[in-house]
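Asks: Have a look at this prediction, sequence included:
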Amino acid sequence: MNRRVLILSIPLLVFLGGCIFLYKGLFSDPRKLESALLDQPVPEFALTSLQDPGRQFTREIFTGKPMLLNVWATWCPTCYAEHEYLNELKAKEGIYIVGMNYKDEREKALRWLKNLGNPYAIDLYDPRGMLGLDLGVYGAPETFLIDSQGVIRYRHVGDVNEQVWQQTLKPIFERME
């Protein structure tokens with residue numbers, strides 16, 4: 001009899017475990033994705049410039065001053081929505097932003113920047129998404145705050161807008177300065 005009760009209780013325990021797992025997921029914020037690279041240096045890479053395919057950049061571009069690394073693409077509607085605000089951040093607050101065009105076509109990306117303005121001090125071109133993969137990028141847009149030593153201090157998934165900048169990113173950015 002005890003064996004029969006044990007065998008019948010296993011499906012119930014599996015069901016309850018699944019319910020607990022799913023219940024916990026209901027209250028998680030999908031915009032908060034923990035990064036394994038938090039407090040780690042930007043990974044090694046070699047990518048060309050979006051605007052000058054003959055020019056190559058390495059991890060060294062992320063040293064010297066605090067900055068944002070913005071991952072974007074022309075196929076991303078949310079990137080379009082945030083682009084105007086990134087232009088404002090550069091113009092009004094002088095924020096140094098490195099842009100990484102992610103899994104995109106160079107011609108489309110160049111046309112995008114010509115038509116919408118270019119908030120980026122440096123334009124990286126990552127057509128295969130290799131640096132994105134190393135950074136743990138799930139999609140665009142994602143923005144990383146990087147300190148003057150090239151260490152990733154924060155990762156934001158989703159668009160950067162006035163509210164996100166003022167409430168979340170700016171306080172962290174100011175501490176990095």
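Replies: Received, thanks.

Asks: Flag every buried residue along the host helix or strand of residue 87.
Replies: Using DSSP states H and E, residue 87 falls within helix 77-93. Buried residues in helix 77-93, counted by 16 or more other C-beta atoms under 10 Å: 79, 80, 82, 83, 85, 86, 87, 88, 89, 90. No exception for glycine: its C-beta is placed from N, CA and C like everyone else's.

Asks: From those residues, pick the one nearest residue 173.
Replies: For these, the minimum distance to residue 173 (C-beta to C-beta) is 9.9 Å, reached by residue 89.

Asks: Quick check, pLDDT for the closest one.
Replies: pLDDT, residue 89: 97.

Asks: what ranges do the helices span in this structure?
Replies: 2-26, 77-93, 106-116, 130-135, 162-164, 170-176 (DSSP state H).

Asks: List the contacts of the third one.
Replies: Outside of helix 106-116, the residues within contact range by C-beta atoms under 8 Å, 6 or more residues apart in numbering are 50-51, 53, 73-74, 80, 83-84, 87, 101, 120, 123, 125, 127.

Asks: can you pick the most crowded of the residues you listed?
Replies: Using other C-beta atoms under 10 Å as the neighbour criterion, residue 101 leads the contacts of helix 106-116 with 27 neighbours.

Asks: pLDDT score assigned to the residue most central in space within the chain?
Replies: Nearest to the mean C-alpha position of the chain, by C-alpha atoms, centre = their mean, lies residue 142 at 2.4 Å. On pLDDT, residue 142 comes in at 97.

Asks: residues contacting residue 61?
Replies: 98, 122.

Asks: buried set for stretch 167-177?
Replies: 169, 173, 176.

Asks: now stretch 136-153
Replies: 136-137, 139-147, 150-153.

Asks: Tell me how far residue 159 lies from residue 177.
Replies: 23 Å (C-beta to C-beta, to the nearest Å).

Asks: what's near enough to touch the residue lying closest to residue 50 once chain neighbours are set aside?
Replies: Sequence neighbours aside, residue 123 is the residue nearest to residue 50 in space, at 3.7 Å (criterion: C-beta to C-beta, 6 or more residues apart in numbering). Residue 123 sits next to 49, 50, 51, 98, 99, 101, 113 when contact means C-beta under 8 Å, 6+ apart.

Asks: With respect to residue 57, which of the residues you listed is nearest?
Replies: residue 49 (6.6 Å).

Asks: before we move on, back to that, quickly list what the residue nearest to the centre of the chain is bridged to.
Replies: Taking DSSP bridges, one finds residue 71, residue 157 as the beta-bridge partners of residue 142.
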